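[1] no FASTA, just this:
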């Protein structure tokens, strides 16, 4: 009786270079499954050099992390820029029922931060689902009663993530630093690392913008100083607060409303989107750093932008041609700034709603990485 041939194991004869060239193009979720194919693949996928190769490839094709609710449950859903669902994470299943989404840095080594029950922070890599939780600082007499304001950023020179927060019942702001190892492996009691930021009590943040925006090493909130609208800023490297005044054209508005302006990070720089009083036009202002902290009005005035998109519009990214990808509550379109026309063509991303019942609350560009 002829003996049956054993199935050929592709691990045995393909050179490492070929296997690596194939695998590094795959999404993280697939690679995590492929680690159990054989010991050789597990060793290859687990190596630091492969993880960096995979990350560099992923930088060419960023994905979107959608923070949404369906029937009251929060989800993190990963979709590519064609709208295809890559992964879906039920946060309620791990005790994160009441969560808020902090704007998070985009780029290599990017993590995501959530505020849970206004009592703790949840920092994770949604691609691998590795995470750590950070509780409020403890005090000998009075503990803070909850999180009031917060922001999340990254200092590449130190390879550190930073959370800066203001707690209810506390005058001064506090900060905590963590490394990627704190998320990847158990790092003991991270909560003990909270430290007080000296002389920070006088820096105020508008009630309508509790979550700051990160751009180029600085955290930004909408604030006020001497009854004048400004940005309350925190330098992650210097670990100190400072104030940047808004452009005169904006500050002169007598009746200010929080929905008249939006802070967004585009291509690493902070931008201010501002709606003219009594109009639907929107202007785009860029903050010029490097110590000058001046504002430059960009070569655009988006006529009827808010009227066309409604209250849910959000800028997502700007490409090298100066065109902006905008989210409209149900789909995304590229906006050609100079000509004020929309185009779909090859770069239009319709129907990013991965589930019709989902209500998308926030999102971020993300690098699908094993790190």
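    Arrived safely, thanks for sending. Here the structure is a predicted model, which is why all the values come from computation and not from measurement. Numbering: from 1, shown residues only.
[2] so which helix or strand takes in the most centrally placed residue in the chain?
    Note on the chain: the residue nearest the mean C-alpha position is residue 104, at 2.7 Å, using CA atoms, centre = their mean. Assessed by DSSP states H and E, residue 104 sits outside every helix and strand.
[3] one more: the one 10 residues further on?
    Assessed by DSSP H and E, residue 114 sits inside strand 112-116.
[4] what helices and strands are in contact with that strand?
    strand 99-101, strand 120-125, strand 147-155 (3 or more CB pairs under 8 Å, 6 or more residues apart in numbering; DSSP states H and E). Where you see a C-beta, it was placed from the backbone N, CA and C, and this is true even at glycine.
[5] so what strands line up beside the first one?
    Taking DSSP bridges as the criterion, strand 99-101 sits next to strand 112-116 (antiparallel) in its sheet.
[6] distance from the partner strand to the middle of the chain?
    How far strand 112-116 lies from its chain's middle: 10 Å, per CA atoms, centre = their mean, to the nearest Å.
[7] burial measure for residue 249, as a count.
    13 (other CB atoms under 10 Å).
[8] tell me the spacing between the residue lying closest to residue 216 once chain neighbours are set aside and residue 50.
    The spatial neighbour of residue 216 that comes closest, neighbours along the chain excluded (CB to CB, 6 or more residues apart in numbering), is residue 268 at 5.5 Å. As defined by CB to CB, to the nearest Å, residue 268 lies at a distance of 27 Å from residue 50.
[9] these two: which has the busier surroundings?
    Between residue 268 and residue 50, residue 50 has the larger neighbour count (other CB under 10 Å), namely 19 against 11.
[10] any regions of the stretch 1-150 of the chain where pLDDT drops low?
    Across the stretch 1-150 of the chain, the ranges flagged by pLDDT under 70 are 1-12, 82, 105-109, 139-144.
[11] how about a cut-off of 80?
    Scanning the stretch 1-150 of the chain for pLDDT under 80 picks out 1-14, 80-84, 103-110, 137-145.
[12] those helices in it, which residues are they?
    16-23, 28-34, 39-46, 48-59 (DSSP state H, counting those that start in this stretch).
[13] can you give me the strands for the stretch 201-350 of the chain?
    213-215, 218-225, 228-235, 240-245, 261-266, 269-275, 282-288, 294-302, 314-318, 324-327, 332-336, 341-343 (DSSP state E, counting those that start in this stretch).
[14] okay if I get those strands as CSV plus distance to residue 135, mean pLDDT and mean neighbour count?
    Formatted as CSV, the strands of the stretch 201-350 of the chain follow (distance: least, CB to CB, whole Å; pLDDT from 0 to 100; neighbours: other CB atoms under 10 Å):
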stretch, distance to residue 135, mean pLDDT, mean neighbour count
strand 213-215, 22, 89, 23
strand 218-225, 21, 84, 21
strand 228-235, 21, 85, 20
strand 240-245, 24, 90, 16
strand 261-266, 28, 79, 19
strand 269-275, 30, 82, 20
strand 282-288, 34, 82, 19
strand 294-302, 38, 70, 15
strand 314-318, 30, 72, 19
strand 324-327, 33, 72, 21
strand 332-336, 36, 67, 20
strand 341-343, 45, 40, 12
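[15] out of the ones you listed, which comes closest to residue 150?
    strand 218-225 (9.3 Å; CB to CB).
[16] compute the inter-axis angle for that closest one and strand 261-266.
    Orientation check (axes from the mean of the first three to the mean of the last three CA atoms, to 10 degrees): strand 218-225 against strand 261-266 gives 160 degrees.
[17] elements contacting strand 218-225?
    strand 147-155, strand 213-215, strand 228-235, strand 240-245, strand 261-266.
[18] make it 10 Å
    strand 147-155, strand 160-167, strand 213-215, strand 228-235, strand 240-245, strand 261-266, strand 269-275 (3 or more CB pairs under 10 Å, 6 or more residues apart in numbering; DSSP states H and E).
[19] switch those over to a markdown table; also include distance to residue 173.
    As requested, those are arranged in a markdown table below (distance: least, CB to CB, whole Å):
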| stretch | distance to residue 173 |
| --- | --- |
| strand 147-155 | 8 |
| strand 160-167 | 5 |
| strand 213-215 | 15 |
| strand 228-235 | 8 |
| strand 240-245 | 7 |
| strand 261-266 | 18 |
| strand 269-275 | 19 |
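[20] quick one: which of these is nearest residue 137?
    strand 160-167 (7.6 Å).
[21] returning to that earlier point: ok, which of the helices of the stretch 1-150 of the chain comes nearest residue 100?
    Per CB to CB, nearest to residue 100 of these: helix 28-34, 24.9 Å.
[22] can you point out the buried residues in the closest one?
    Neighbour-count burial for helix 28-34, counted by 16 or more other CB atoms under 10 Å, picks out 28, 31.
[23] likewise for stretch 45-59?
    45, 50-51, 53-55, 58.
[24] hey, what's residue 125 bridged with?
    With DSSP bridges as the rule, residue 125 is bridged to residue 130.
[25] ok, now the one 10 residues further on?
    With DSSP bridges applied, residue 135 shows beta-bridge pairing to residue 120.
[26] so what's it up against?
    By CB atoms under 10 Å, 6 or more residues apart in numbering, the contact list for residue 135 reads 116, 119-121, 189-191, 194.
[27] distance of residue 97 from residue 89?
    Taking CB to CB, one finds residue 97 at 13 Å from residue 89.
[28] which neighbours do the two share?
    residue 74.
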